[in-house]
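Q: Pasting a predicted model and its sequence here:
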Amino acid sequence: MAEEKRMVDTYEVTHAIHIGDREILFAVDDGKTDCPYMVCDCTWDNPLGIDQYFNAVGSADYLEMMAEFADRVQAQLEAVKAERDKITVPLSPFTPEHCAPNDYGKSIENKVVVIRVERLRPEYRTADRQLVLAVGGFGAHANARGRAVYTVNLYSGKESRWNREDILGVLKPEYMPGWAKERLKQILAEQQAKHKKQVQER
């Protein structure tokens with residue numbers, strides 16, 4: 001079976017590179033003689049996780065558009081490098097030896113768990129991206145039928161959804177870094193305050 005073509009409107013995507021928080025696309029529509037080449041950005045940062053295309057530019061000049069494509073990829077590389085330079089904690093990733101195995105017969109709710117590095121994008125396979133607090137979701141329960149695990153990243157505080165199989169295991173206490181202990185205290189305090197406020201508003 002032929003692979004389904006990826007389309008952006010009438011343009012077929014011929015090159016795509018995902019770096020950092022977006023994907024850069026180069027697309028072609030040979031039927032548009034005045035503007036057959038197009039470059040745009042794509043993200044999925046929305047509740048439904050659907051493709052969102054923006055910053056589109058087009059031209060009849062292939063080299064001009066390929067230069068635009070390359071420039072955007074380079075800009076994303078520089079943005080990721082700058083982001084990494086600001087990280088103030090050790091980056092070495094956590095491995096299976098740092099975790100208690102992901103036992104599906106046990107709950108992981110309210111525990112610090114480690115995301116598998118292979119489930120992270122190559123540029124984000126670092127410790128600050130791996131350590132999360134599991135705060136809910138059917139997948140966090142013991143012997144769960146569901147897969148979803150809702151988490152809070154200990155370094156950034158960002159809330160995310162993972163599947164139970166994305167989790168390497170529960171972090172062993174002896175491997176919990178100092179920065180993670182401090183952030184965990186802050187996150188738990190914030191959640192407690194949030195819960196208290198919700199109860200009072202009922």
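A: Noted; the coordinates are in hand.

Q: Please make it C-alpha for all contacts and neighbour counts, starting now.
A: Fine.

Q: Can you name the residues that contact Ile17?
A: For Ile17, the contact set (CA atoms under 8 Å, 6 or more residues apart in numbering) comprises 23-25, 73.

Q: Taking those together, which two end up most distant?
A: Taking CA to CA as the measure, the contacts of Ile17 span a maximum distance of 9.5 Å, between Leu25 and Val73.

Q: from the contacts of Ile17, which is closest to Gly178?
A: Distance to Gly178, by CA to CA, is smallest for Glu23 among the contacts of Ile17, at 34.4 Å.

Q: And this protein, what are its domain boundaries?
A: Under the assignment named as automatic domain parsing, the residue ranges that make up the domains of the chain are 7-85, 96-201.

Q: now these as CSV including mean pLDDT?
A: Supplementary listing: the domains of the chain in CSV, determined by pLDDT from 0 to 100:
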stretch, mean pLDDT
domain 7-85, 95
domain 96-201, 94
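
Q: before we move on, the earlier item: nearest to Val149 among the contacts of Ile17?
A: After measuring the contacts of Ile17 against Val149 - CA to CA - the closest member comes out as Glu23, at 25.4 Å.

Q: what about that closest one, neighbour count?
A: Each residue near Glu23 was counted by other CA atoms under 10 Å, and the total is 18.

Q: One more: Thr151?
A: Residues within reach of Thr151, counting by other CA under 10 Å, total 25.

Q: Quick check: it touching Leu131?
A: No: taking CA atoms under 8 Å as the contact criterion, Thr151 and Leu131 are not neighbours in contact, 9.5 Å apart.

Q: Now do the shared contacts for those two.
A: What both Thr151 and Leu131 touch, as defined by CA under 8 Å, 6+ apart, is an empty set.

Q: For Met7, give me its contacts.
A: With contacts taken as CA under 8 Å, 6+ apart, Met7 has the following neighbours: Val13.

Q: Which residues does it form beta bridges with?
A: According to DSSP bridges, the partner residues bridging Met7 are Glu12.

Q: Same check on the one 10 residues further on?
A: When bridges are assigned using DSSP bridges, the partners listed for Ile17 are Ile24.

Q: okay, Met1: pLDDT?
A: The predicted local confidence for Met1 comes out at a pLDDT of 56.

Q: Show me how far stretch 64-72 is from its chain's centre.
A: On the basis of CA atoms, centre = their mean, to the nearest Å, stretch 64-72 sits 25 Å off its chain's mean C-alpha point.

Q: got a list of contacts for that stretch?
A: Contacts to stretch 64-72, defined as CA under 8 Å, 6+ apart, come from residues 24-26, 37-39, 58-59.

Q: Contacts only, for the residue of the chain most remote from its centre.
A: Of all residues in the chain, Thr33 sits farthest from the chain's C-alpha centroid, using CA atoms, centre = their mean; the distance is 37.8 Å. For Thr33, the contacting residues are Ala60, taking CA under 8 Å, 6+ apart as the criterion.

Q: And it, how close does it get to His15?
A: Distance of Thr33 to His15, given as CA to CA, to the nearest Å: 20 Å.
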